[in-house]
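> fold the following.
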Amino acid sequence: MKKKVCLQGPILSLSGYGQDCRRMFRALKSREDLFDIYVRPSSFGMSSWLSEDSEERREIDALVNKTQQYLQQNGQFDIGIQVGIPTEWKRFAPLMIGVTAGVEVNKAPASFLLSCNSEVDKVITPSEFSAKILKETTYSANDTNGNPVKLRLTTPIEAIGFATPNDASFSSLELKLNYDFNFLCVGQTCPRKNVEFTINSFYKTFQNHEVGLVLKITKANNSINDREFCFEVLKNFKDKFPEAKCKIYLLHGNLSDKEMRGLYNHPKLKAIINLSHGEGFGIPMFDAVCCGMPVICHDFGGQTDFLYAPDSKGKRKPHYAKVDFDIKQIAQADIMPGILEADSFWAYPRELSVRQVMLEVYKDFGRFSGQARRLQRHVSSEFSEKKIYDKIVSVVSNRCAPIEPKDFSGISFCIPTNGKRPEKTKLLIESIRRQKGKSFEIILCGDVENFKHEKDVILIDQKEAAHSRKVALLRNKAAEMARFGVIAWCDDDILLDSCWMANTLEHSKKNGWNVLGNVMLNPDGTRQWDRATLNPHVLVDYDDRSNNNMYQSSGFFLARRKVWKD
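Here you go, the predicted model:
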């Protein structure tokens, strides 16, 4: 039976939270077999609302009407999803999920933690940066009895980024630009976005160059008054640099998603600049990356989730033009009680570094363009709509997100042993050696005295731990020596079936996994306690996933090395 899910937030707002709300809507739409969707729109600040006539807009409007009628009949929801600032959240369903950009500073307000803990059961944030800040922020307080307590986030939180669009088409824009090389800046003229610093740095760098800066900015919305305000900001800078060769342009008003992609793909717009003090995710930068546009920014904020990619050796490296910065306390004028507190810190880009990096991108654009194309390919895979929407659906539905099949180069068998059953352990070693299809290594850890003559077996002497029954320590010591991407932990008295490797490889071709259990049988063919419940202690079917009291035997299991390291 479908779950009735109500999505509440600024779904029609031209804002970051509006885009986040539409992202949640699209994820729910991807599994209409699971969800009966309802929508309650809200505003966000003074931002404008979507006005375009599109299929998605018509769908949203129809669901808004459906929701109003359902509420008039005192209808109830199974799941509530609220998108916005945590202090705005209120419970209205048995299961509540809060979706927030979090914070752009080094510390979350206490009010955010209180709302996350009391008003919702799960939190979704778009970046590891925001999730980390929410998880690590603590406050000292006293309970009602005067006892000291720590206020911290207790609600489960998941970092799920935005998705690259399946439809990458764009609308070409006719921009009257004087020069062939232009930078792009997208954002609000609020203190956090640091737009005036960006303009000033641009003028100082390129006043003697034929270079342009296109500013797709607003103060709050797409009104005429807002446009005049932005125009005045640019005019003031122009007056300060009357002899400058470089040009600045104001691009104001609503652009559709396709038109925004037209900006990022414009042949005369070469790189996007973002010198904000902090980002919860950085949607304009992400959208630019999806179009293969180079990015100039620092790495304090959520943008680091998508601006790094593996090099040819698999090492995670920055694929953007990195600006140096300092972490300093926010200015008094930028304090927003309940959101940006006085004791918060954020990034201040260094002007000299900004100017050097902009010049470097201008003079050596080919290098940064190639870097951006490599990043684009990485992001299109790691942030695909399917992956992102599946993750969101898994949080909303309490289902595990599907994992894509992934090959591996070999297996490290990590075997803790107390040395008391050498004959059985040697049989295990022989059963491993008979496996075909992948490279492997055998690591014995514990009391290894009886195995000194075993060829091609790595021995780790941990006799004291072995006889103190510190099995977890032995497993970890063995795993530290592992050189393959998959670790197989196994007791020292089991045997691998002759077809074990072949069956594992066949399963892994069709099924993704990070941790993999195996059927374990006793010598007489009866089941070992390989999949059971704790209370009552009974065996369960291998396909049974209905009981949260279930456990998998640790006598033999596989895990990706990354799982163990993390």
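> C-alpha from now on. contacts and neighbour counts both.
OK.
> what comes into contact with the lowest-mean-pLDDT helix or strand in the chain?
Confidence across the helices and strands of the chain bottoms out at strand 550-552, with a mean of 79, counting by mean pLDDT, DSSP states H and E. Among residues not part of strand 550-552, those counted as contacts by CA atoms under 8 Å, 6 or more residues apart in numbering are 517, 530-534.
> what do you get for stretch 330-348?
Stretch 330-348 is contacted from outside by 103-112, 191-192, 276-278, 300, 325-329, using CA under 8 Å, 6+ apart.
> quick one on the thing from earlier: from the contacts of strand 550-552, which single one is nearest Asn236?
Minimum distance to Asn236 across the contacts of strand 550-552 is 66.2 Å, recorded for Gly517 (CA to CA).
> bridging residues for the closest one?
When bridges are taken as DSSP bridges, the partners of Gly517 come out as Phe557.
> how many other residues sit next to it?
Neighbouring residues of Gly517 were enumerated by other CA atoms under 10 Å; the total is 18.
> ok, it - contacts?
552-553, 556-558.
> circling back to that earlier point, so which of the contacts of strand 550-552 is the closest to Arg475?
Proximity of those to Arg475 was ranked by CA to CA; the top entry is Gly517 with 16.2 Å.
> and the pLDDT for the closest one?
The predicted local distance difference test score for Gly517 is 90.
> narrow the contacts of stretch 330-348 to those that are buried.
Buried members of the contacts of stretch 330-348, counted by 16 or more other CA atoms under 10 Å: 103-110, 112, 192, 276-278, 300, 325, 329.
> closest one of those residues to Tyr308?
Nearest to Tyr308 out of the buried ones among the contacts of stretch 330-348 is Phe300 (CA to CA; 13.0 Å).
> so, low pLDDT: which residues of this protein?
Counting by pLDDT under 70, the low-confidence segments of the chain come to 143-144, 399-401, 544-549.
> so Asp61, which of the three states?
The local conformation at Asp61, judged by DSSP: H, G, I helix; E, B strand; the rest coil, is helix.
> again with Arg367
Three-state secondary structure (criterion: three-state DSSP) places Arg367 in helix.
> how about Lys328?
Local secondary structure at Lys328 is given as strand here, using three-state DSSP.
> can you count the residues close to the nearest residue to it once chain neighbours are set aside?
In space, Lys328 comes closest to Phe345 once its chain neighbours are excluded; the distance is 5.2 Å by CA to CA, 6 or more residues apart in numbering. By other CA under 10 Å, 20 other residues sit near Phe345.
> from Ser130, how far off is Phe345?
For Phe345, the distance to Ser130 (CA to CA, to the nearest Å) stands at 14 Å.
> can you check Arg31 too?
Counting by CA to CA, the gap from Arg31 to Ser130 is 27 Å.
> got it, and Glu119?
Counting by CA to CA, the gap from Glu119 to Ser130 is 19 Å.
> which one's more surrounded, these two?
For Glu119 and Ser130, the more surrounded residue by other CA under 10 Å is Ser130, and the numbers stand at 27 against 20.
> and that one, what does it touch?
Contact criterion CA under 8 Å, 6+ apart gives 101-104, 159, 280, 301-302 as the residues in contact with Ser130.
> among those residues, which two are most distant?
The two members of the contacts of Ser130 with the most space between them (CA to CA) are Glu104 and Ala159, at 14.6 Å.
> helices of the stretch 351-500 of the chain, residue ranges please.
In order along the chain, the stretch 351-500 of the chain carries the following helices (DSSP state H, counting those that start in this stretch): 351-363, 365-382, 385-397, 422-433, 463-467, 471-481, 500-510.
> need the winner for burial among the ones you listed.
Mean neighbour count, computed with mean count of other CA atoms under 10 Å, is highest for helix 385-397 among these, reaching a mean of 20.
> hang on, the earlier thing: most neighbours among the contacts of Ser130, which one is it?
Ranked by neighbour count (other CA under 10 Å), these have Gly102 at the top, with 28 neighbours.
> pull the number of nearby residues for the residue lying closest to Gly485 once chain neighbours are set aside.
Spatial nearest neighbour of Gly485, chain neighbours left out: Arg561 (5.0 Å); criterion: CA to CA, 6+ apart. When neighbours are defined as other CA under 10 Å, Arg561 has 21 of them.
> now do the one 5 residues further on
Look at Asp566: counted by other CA under 10 Å, it has 5 neighbours.
> show me what contacts Asn511?
With contact taken as CA under 8 Å, 6+ apart, Asn511 is in contact with 403-405.
> tell me how far the residue nearest to Val64 when sequence neighbours are not counted lies from Tyr389.
Setting aside the residues directly before and after it, Val64 is nearest to Val39 in space (CA to CA, 6+ apart), at 5.1 Å. Using CA to CA, we find Val39 at a distance of 18 Å from Tyr389.
> wait, doesn't Ile392 sit right on Ile160?
Yes: taking contacts as CA atoms under 8 Å, Ile392 lies within contact range of Ile160: 7.2 Å.
> got a list of contacts for stretch 223-237?
Here stretch 223-237 makes contact (CA under 8 Å, 6+ apart) with 189, 199-200, 217-220, 248, 250, 252-253.
> make JSON lines out of those residues and add distance to Tyr139.
Shown next, in JSON lines, are the contacts of stretch 223-237 (distance: CA to CA, whole Å):
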{"residue": "Thr189", "distance to Tyr139": "32"}
{"residue": "Ile199", "distance to Tyr139": "38"}
{"residue": "Asn200", "distance to Tyr139": "38"}
{"residue": "Ile217", "distance to Tyr139": "37"}
{"residue": "Thr218", "distance to Tyr139": "36"}
{"residue": "Lys219", "distance to Tyr139": "34"}
{"residue": "Ala220", "distance to Tyr139": "33"}
{"residue": "Ile248", "distance to Tyr139": "45"}
{"residue": "Leu250", "distance to Tyr139": "43"}
{"residue": "His252", "distance to Tyr139": "42"}
{"residue": "Gly253", "distance to Tyr139": "42"}
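> farthest-apart pair in these, please.
Farthest apart among the contacts of stretch 223-237 by CA to CA are Asn200 and Gly253. That separation is 23.0 Å.
> Val214 looks like it's in a strand, true?
Yes: the secondary structure assignment for Val214 places it in a strand, going by three-state DSSP.
> which ones are touching Pro10?
Residues in contact with Pro10 (CA under 8 Å, 6+ apart) are 17-18, 21, 41-44, 83-84.
> that one: what's its closest spatial neighbour, skipping adjacent residues?
Of all residues beyond its chain neighbours, the one nearest Pro10 is Ser42 (4.5 Å), with distances taken as CA to CA, 6+ apart.
> neighbours of the one you found, how many?
A count of neighbours around Ser42, defined by other CA under 10 Å, yields 15.
> so it is in contact with Leu14, correct?
No: taking contacts as CA under 8 Å, Ser42 lies outside contact range of Leu14: 11.9 Å.
> now Cys21. Nearest residue, chain neighbours left out?
If the residues on either side of it in the chain are set aside, Cys21 comes closest to Ile11, at 5.0 Å by CA to CA, 6+ apart.
> how near is that neighbour to Pro267?
Applying CA to CA, one obtains 32 Å for the distance of Ile11 from Pro267.
> same question, Phe556
In this view, Phe556 and Pro267 are 57 Å apart by CA to CA.
> neighbour-wise, which of the two wins?
More crowded of Phe556 and Pro267, by other CA under 10 Å: Phe556, with 22 against 12.
> these two touch, right, that one and Asp493?
No: with contact defined as CA under 8 Å, Phe556 and Asp493 do not form a contacting pair (10.5 Å).
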